[in-house]
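Colleague: please work out how this folds:
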Amino acid sequence: MAAIESLLPTEAALETLFDRLWPICRSITGEGFRRSLAILSEVAGYQKFEVPTGKKVFDWTIPSEWNIEDAYVADETGRRVIDFKASNLHVVGYSVPVDRKLTLEELQPHLHSLPEQPDAIPYLTSYYKERWGFCLSENERRKLKPGSYRAVIRSRLEPGSLTLAHRLLPATEKRSAGEVLISTYLCHPSLANNELSGPIVGAYLYDALRRVQRRRYDYRFVVVPETIGAIAYLHRFGAQLKRRVKAGLVVTCVGDDQNIRYQKTRRGDAELDRVASVELAAYGKPHEITDFLPYGSDERQYSSPGFDLPVGSLMRSAYDTYAGYHNSLDDKSFISFSGMRESVALYLRVLLGLEANRTYRATVTKGEPFYGSRGLYLPMESAADARAQTYRMMWIVNQSDGRHDLCEIARKAKCSILDLEPIAGRLLDAKLLKPV
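Modeller: Predicted coordinates for the structure are as follows:
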């Protein structure tokens, strides 16, 4: 396998992509999603699909397409006291168009803030119920004085479509071992960790994997609006995924530098769960492994009982575990581009571990092989790294009985699967192992 470090994007590349995507107002449908997808496609070359308004996708129906040009609340002098152009979080997503004069008392039911976080602008949406509203910080809300205000939202709700996208990366081996799903979402405006970190890491993960010379799995990189997008994607491609997907990861909340957390698949004991556990332990930094939860992001769609795909997630500050979750505090100052780069590396490490994880049977089973006659034995006087190689070689030969894969052997030897793969290759060349 290629050295992981050589496959990673620079922090500058990650930041440049972030800065281009940040100003765009995204929602589950509309031009903001498509503009953002076009920028990401410069890295990953996504193929786009449109699902028309009104189409039934399992228990859901694709809503009208929403686009917005401008929105504000102005006081009696015409000054904008709430301005969509200052932050696209100021408008409740999917707000219907409005142009009304109201008293402050009449306006208040349409205003939303977070009293417990007075400096933060909340992120709110109303995809499936027609209403309008504005979001602002509690501190700004308290400054509003009684009087007359004009509320304007120049939006359009009309027949259109919901956009899905994927990029397929085929295996380099003639016979694929199956498919790995990498899915992320692109539908939150002006949220850094909970929105942009996922699609940015996903795009550069594709860029890294395409440069790995030997791949036995096909990879499917998916970008959808969260929830309904994943459901619509499953409606179109779910039968194929159910046949072919051997492992999957939902990429979300990977933009800061907090400890990594792996959330297991619904099955809890899938090969991906074992590989992730071994690779995170070998990585040597603090981490957490948690059980599957039927809420969070799109892993709950891929893991719904009718599909039950083995989909987990590697995250950092996940969902509602940090103060900026779903509000304006989740901005560029919250994230770390070095942490984001490390997130690409961790995803890559797990996927390369999955690639390397095979099962072998030793050809010499009565006593250990005579390694020296094959040029494999390294004397105890060798350097520490050479002794470690011998130690791992003995673990592989002893445990390769057709029942233990390299992941299980790495767990027992307390190392990475990637540490064992080149040793297993030498043992294969020496005809001391054969693949099962």
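Colleague: can you map out the helices along this protein?
Modeller: With helices called from DSSP state H, the chain shows them at 4-7, 11-21, 31-44, 104-107, 138-143, 197-209, 228-244, 271-283, 299-302, 337-356, 384-399, 406-413, 417-429.
Colleague: any idea which of these scores lowest on pLDDT?
Modeller: Comparing mean pLDDT across these, the lowest value falls on helix 384-399: a mean of 90.
Colleague: nearest to residue 84, of the helices of the chain?
Modeller: Between residue 84 and the helices of the chain, the shortest gap by CB to CB is with helix 31-44, which sits at 12.4 Å. Yep, even glycine has a C-beta here, placed from its N, CA and C like the rest.
Colleague: list the contacts of that closest one.
Modeller: With CB atoms under 8 Å, 6 or more residues apart in numbering as the test, helix 31-44 has contacts from 17, 20-21, 24-27, 46, 48, 67, 163, 165, 167, 186-187, 189, 199-200, 202-204, 206-207, 221, 223, 225.
Colleague: before we move on, back to that, residue 314: which of the helices of the chain is closest?
Modeller: Across the helices of the chain, residue 314 has its closest neighbour in helix 337-356 (5.9 Å, CB to CB).
Colleague: what about the closest residue to residue 403 other than its chain neighbours, distance to residue 272?
Modeller: Sequence neighbours aside, residue 359 is the residue nearest to residue 403 in space, at 7.6 Å (criterion: CB to CB, 6 or more residues apart in numbering). Remark: distance between residue 359 and residue 272 (CB to CB, to the nearest Å) = 16 Å.
Colleague: now the strands for the stretch 101-250 of the chain?
Modeller: Along the stretch 101-250 of the chain, counting by DSSP state E, counting those that start in this stretch, strands occupy 111-112, 134-135, 148-158, 161-169, 179-185, 218-224, 245-250.
Colleague: adding mean pLDDT, mean neighbour count and distance to residue 41, write those out as a markdown table.
Modeller: Formatted as a markdown table, these follow (pLDDT from 0 to 100; neighbours: other CB atoms under 10 Å; distance: least, CB to CB, whole Å):
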| stretch | mean pLDDT | mean neighbour count | distance to residue 41 |
| --- | --- | --- | --- |
| strand 111-112 | 98 | 18 | 34 |
| strand 134-135 | 98 | 25 | 30 |
| strand 148-158 | 98 | 17 | 25 |
| strand 161-169 | 98 | 21 | 8 |
| strand 179-185 | 98 | 25 | 14 |
| strand 218-224 | 98 | 24 | 9 |
| strand 245-250 | 98 | 24 | 20 |
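Colleague: filter the contacts of helix 31-44 down to the buried ones.
Modeller: The neighbour count (16 or more other CB atoms under 10 Å) marks 17, 21, 24-27, 46, 67, 163, 165, 167, 186-187, 189, 199-200, 202-204, 206-207, 221, 223, 225 as buried among those.
Colleague: which ones are touching the nearest residue to residue 421 once chain neighbours are set aside?
Modeller: Of all residues not flanking residue 421 in the chain, residue 356 sits nearest, at 4.0 Å (CB to CB, 6+ apart). Going by CB under 8 Å, 6+ apart, residue 356 touches 1, 406, 417-418, 420-421.
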